[in-house]
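Student: the following block contains a protein sequence and its predicted model.
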Amino acid sequence: MHIPDGYLSPPVLGVAGAAGLAAVVAASRRASGAMEESRVPLMGVMGAFVFAAQMINFPVAAGASGHLLGSALLAITLGAAPAMVVMTAILAIQALLFQDGGVLALGANVLNMAVAGVAAAAWAWRLLGGGGRRRLAAFAAGMLGALVAACLALAELGASGIRIPPGALAAALGIFALGAALEGVITAAVLAALERLQPALLDPRQPAARPLLSGLLLASLLLATGGFLAASALPDGLEHLAETLGIAGLERPLLASPLPDYEAPWLSAPALQKAAAGLLGLAAAAALCWAAGKWIARWRNA
């Protein structure tokens, strides 16, 4: 779902980038007025967990794979505005360190996944999250957030002059819909596990409990350093569509990545390359998301 450089036209890049930047700035201001400073550690740990989970692709259908987006998990546990900031930090790390999503296309990816995806997930959660329907609400939030982000990516490709025949479009939408359904299932399951660690997790006045933070950190470490052993090598939905349309050759990375394809090239063993890259990315995601939370909290106090 991460759009690489070379796919989108300059006008689309400009409009999407400006919209994404404006939305994240607005979200930062909103978060500064609503978020308790005691929740800052949760921002760092949730950012690390979602980063690690996004590294693990799973087969979906038709020779394509998917991975957890995490927009709904962040929106539910942190609130919409902090979630947008955290997802933006994750996308920036992926683009700059791993060449996962373009640097020029970062604004579009932020608009799709960090802004629209989080907003759609938060809306679904607010609509359905009351009473005894929390698992259904989490499923709907995960599915809707992923679908909205995917549809926006397809719209941006079309606006950039890339023709998608009806058959290819239907196949892509089917793959994205199946991936979104799995996103919903995973979101509901993870939320249930987190609430067992801290029943008052969704109370914004409560600081994150130590068992919750420890459990999330352990899960993040396992996913980042060993999850590649179970990850699918199939292309994700967007890569599969690019191969179908014959546009994969349009990709033009702006910068050389120090950890391309989530591998540390200075190590000899492939398993060590993957594990080291995952560990470095995990540390960067946790640090940047925690720093963003501290900045927002200080902005509020000021």
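Tutor: Cool, got the structure. Numbers count the residues shown, from 1 in each chain.

Student: quick one, strands of the stretch 51-200 of the chain?
Tutor: Using DSSP state E, counting those that start in this stretch, the strands of the stretch 51-200 of the chain run over 57-61, 64-67.

Student: which of these is buried the deepest?
Tutor: Mean neighbour count (mean count of other CB atoms under 10 Å) peaks for strand 64-67 among those, with a mean of 24. Placement of C-beta: from N, CA and C, glycine included.

Student: next, format the strands of the stretch 51-200 of the chain as CSV and append mean pLDDT.
Tutor: Output for those, formatted as CSV (pLDDT from 0 to 100):
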stretch, mean pLDDT
strand 57-61, 89
strand 64-67, 90
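
Student: among those, single out whichever gets nearest to Ala48.
Tutor: Between Ala48 and these, the shortest gap by CB to CB is with strand 64-67, which sits at 15.7 Å.

Student: list the helices and strands that closest one packs on?
Tutor: Applying 3 or more CB pairs under 8 Å, 6 or more residues apart in numbering; DSSP states H and E, one finds that strand 64-67 contacts strand 57-61, helix 166-197, helix 237-245.

Student: run the last query once more with 6 Å
Tutor: Judged by 3 or more CB pairs under 6 Å, 6 or more residues apart in numbering; DSSP states H and E, strand 64-67 is in contact with strand 57-61.

Student: tell me the angle the strand it packs on makes with helix 166-197.
Tutor: 130 degrees (axes from the mean of the first three to the mean of the last three CA atoms, to 10 degrees).

Student: and strand 57-61, how far out from the chain middle?
Tutor: 16 Å (CA atoms, centre = their mean, to the nearest Å).

Student: same check on stretch 205-222?
Tutor: For stretch 205-222 - counting by CA atoms, centre = their mean - the centre lies 19 Å from the chain centre.

Student: how about stretch 134-148?
Tutor: So, by CA atoms, centre = their mean, the centroid of stretch 134-148 is 14 Å from its chain's centroid.

Student: could you give the mean pLDDT of it?
Tutor: Mean pLDDT, stretch 134-148: 95.

Student: all helices for the stretch 1-150 of the chain, in order.
Tutor: 10-34, 40-54, 71-78, 80-98, 106-109, 117-128, 134-159 (DSSP state H, counting those that start in this stretch).

Student: related to what we said a few turns ago, next, format the strands of the stretch 51-200 of the chain as CSV and append distance to Arg298.
Tutor: Shown next, in CSV, are the strands of the stretch 51-200 of the chain (distance: least, CB to CB, whole Å):
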stretch, distance to Arg298
strand 57-61, 37
strand 64-67, 33
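
Student: out of those, which gets nearest to Glu263?
Tutor: Comparing those by CB to CB, strand 57-61 comes nearest, at 14.8 Å.

Student: so what's Ser220 up against?
Tutor: 48-49, 52, 282 (CB atoms under 6 Å, 6 or more residues apart in numbering).

Student: for the residues you listed, which one is nearest Ala62?
Tutor: Among the contacts of Ser220, and counting by CB to CB, the member closest to Ala62 is Ala52, at 26.6 Å.

Student: give me the pLDDT value at that closest one.
Tutor: At Ala52, pLDDT is 96.

Student: what do you get for Trp299?
Tutor: Per the predicted model, pLDDT is 69 at Trp299.

Student: got the contact list for the closest residue to Pro265 other than its chain neighbours?
Tutor: Nearest non-adjacent residue to Pro265, counting by CB to CB, 6 or more residues apart in numbering: Gln273, 6.8 Å away. Gln273 is in contact with 263-264, 267, counting by CB under 6 Å, 6+ apart.

Student: got a winner among those for most neighbours?
Tutor: Using other CB atoms under 10 Å as the neighbour criterion, Glu263 leads these with 19 neighbours.

Student: how much space between that one and Ala283?
Tutor: Computed as CB to CB, to the nearest Å, the Glu263 to Ala283 distance reads 16 Å.

Student: which residue is nearest the middle of the protein?
Tutor: By CA atoms, centre = their mean, the mean C-alpha position of the chain lies nearest to Leu69, the distance being 4.1 Å.

Student: name the helix or strand for Lys294, please.
Tutor: helix 270-301 (DSSP states H and E).

Student: give me the neighbour count for Pro260.
Tutor: Neighbours around Pro260, by other CB under 10 Å: 15.

Student: Pro106 against Gln94, yeah?
Tutor: Careful, residue 106 is Leu; it's not Pro. No: using CB atoms under 6 Å, Leu106 is not in contact with Gln94; the gap is 9.1 Å.
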